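Asker: Attaching a predicted model along with its sequence, questions to come.
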Amino acid sequence: MDRRLFLTGMLGLAGAAAVTAVARPGTALAGIPNTGPGILDELDKPSDDLFEPDGPDTQNGIEPVRWHRGRRRRVWRRVCYRYRRRGRWHRRCVRRPVWVYF
């Protein structure tokens, strides 16, 4: 089994190298001309109205603090494992409870 995986990996690596050698990547242009300032430069500027000290979330200059860490609930997950018995592979699946945070 290990030899088969090794040979499959080597053939995949050789195939990827062959495809790369045949289809040599040229210089790709992103399609964005360098004409000067545009809409992307305006998006990078910080907005002044976002950083107002007296926003709707503040009370007397103090930011509210979230004290809860989040909710959680218990769900069932299926966990499968394989084992060998009498020369054959068998699969056993069991349900296990886990806690999910959201």
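Answerer: Structure's in. What do you need? Numbering: from 1, shown residues only.

Asker: can you pull the contacts of the closest residue to Cys93 other than its chain neighbours?
Answerer: Leaving aside its sequence neighbours, Cys93 sits nearest to Cys80 (CB to CB, 6 or more residues apart in numbering; 4.2 Å). Where C-beta positions appear, they are placed from N, C-alpha and C, glycine not excepted. Residues near Cys80 by CB atoms under 8 Å, 6 or more residues apart in numbering: 91-94.

Asker: pLDDT of stretch 73-88, averaged?
Answerer: The pLDDT scores in stretch 73-88 average 93.

Asker: Quick check: the residue nearest to Cys93 is in a strand.
Answerer: Yes. Under DSSP: H, G, I helix; E, B strand; the rest coil, Cys80 sits within a strand.

Asker: From Ala14, how far out is it?
Answerer: 34 Å (CB to CB, to the nearest Å).

Asker: what sits up against stretch 71-79?
Answerer: So stretch 71-79 is contacted by 93-102 (CB under 8 Å, 6+ apart).

Asker: Ramachandran coordinates for Ala17?
Answerer: phi -70, psi -40 (degrees, to the nearest 10).

Asker: Just the ones of the contacts of Cys80 in strands?
Answerer: The strands, defined by DSSP state E, take in 91-94 from those.

Asker: Put together a markdown table for the residues you listed, with neighbour count on each row.
Answerer: Output for these, formatted as a markdown table (neighbours: other CB atoms under 10 Å):
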| residue | neighbour count |
| --- | --- |
| Arg91 | 8 |
| Arg92 | 9 |
| Cys93 | 8 |
| Val94 | 9 |
